[in-house]
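> need a structure here:
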Amino acid sequence: MAFLAPYAFVYNTAILLIGSVPDIIQAAAQVFLGTFFLAAGVEGFVGKPVKNIALRILLVAAGALIIIPEVITTLAGYALGIGIVVAVNLLAQRKEGKKDKASELRLAVTAVSGALVVTPEIITTVAGLCLALAMLIWSKRAEKKQKKDVVYVEAGEVLETVAQDIDED
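Model (predicted):
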């Protein structure tokens, strides 16, 4: 993956912080998404494991397409990458027997926010970044809520229960 960085710098000098602020923001967001898909393909993990080698290769290709600063390749790479991410996560949820509509909604809105980020207009990029931040906050709050539902047991209570069970035997 590191060998792609010099090419990204040559293709788009905004990555080197040369250019207008909107160009720099958009270039940074695109490089982040491209790197995410490259890493996801190499590691085989997009929130859930990606076991199919063909999907992993497609994720790497999606990352490379996003890094190339052409509008059509960036959009094609994003569509390919996010399609795989969404499909893998939804299939994993269904296999686990979870039908969490809120989680599916967060995943769909996050996909839309990424699409806004990679479009060539700065206003859509900023809107996509704000939407992605909102989804991150929503996800963290949902995580905290799930943790509140979990019952924690102290080690002392467990030892007392075990000792009582031993005494009864």
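> ok, now which ones touch residue 118?
29-30, 33, 66, 74-75, 78, 125, 128 (CB atoms under 8 Å, 6 or more residues apart in numbering). Heads up, the C-betas are built off the backbone N, CA and C, glycines and all.
> how about the helices in this structure?
In the chain, the helices defined using DSSP state H lie at 5-11, 21-43, 53-67, 71-95, 101-118, 122-149, 155-168.
> Just send those helices back as TSV, with mean pLDDT too.
Converted to TSV, the helices of the chain look like this (pLDDT from 0 to 100):
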stretch	mean pLDDT
helix 5-11	74
helix 21-43	87
helix 53-67	91
helix 71-95	88
helix 101-118	79
helix 122-149	79
helix 155-168	62
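> Find the residue at the geometric middle of the chain.
Most central in the chain under CA atoms, centre = their mean is residue 46, positioned 6.3 Å from the mean C-alpha point.
> OK, contacts around that one?
Residue 46 neighbours (CB under 8 Å, 6+ apart): 40, 59, 84-85, 88-89.
> Just give me the neighbour total for the nearest residue to residue 109 once chain neighbours are set aside.
Nearest residue to residue 109, sequence neighbours excluded (CB to CB, 6 or more residues apart in numbering): residue 135, at 5.6 Å. If you count neighbours by other CB atoms under 10 Å, residue 135 ends up with 20.
> repeat for the one 4 residues further on
As a burial measure, the neighbour count of residue 139 was computed by other CB under 10 Å and equals 15.
> Distance to residue 16 and neighbour count added to the contacts of residue 118, as JSON lines?
Shown next, in JSON lines, are the contacts of residue 118 (distance: CB to CB, whole Å; neighbours: other CB atoms under 10 Å):
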{"residue": "29", "distance to residue 16": "15", "neighbour count": "20"}
{"residue": "30", "distance to residue 16": "14", "neighbour count": "25"}
{"residue": "33", "distance to residue 16": "18", "neighbour count": "22"}
{"residue": "66", "distance to residue 16": "18", "neighbour count": "29"}
{"residue": "74", "distance to residue 16": "18", "neighbour count": "22"}
{"residue": "75", "distance to residue 16": "23", "neighbour count": "16"}
{"residue": "78", "distance to residue 16": "23", "neighbour count": "24"}
{"residue": "125", "distance to residue 16": "18", "neighbour count": "22"}
{"residue": "128", "distance to residue 16": "23", "neighbour count": "21"}
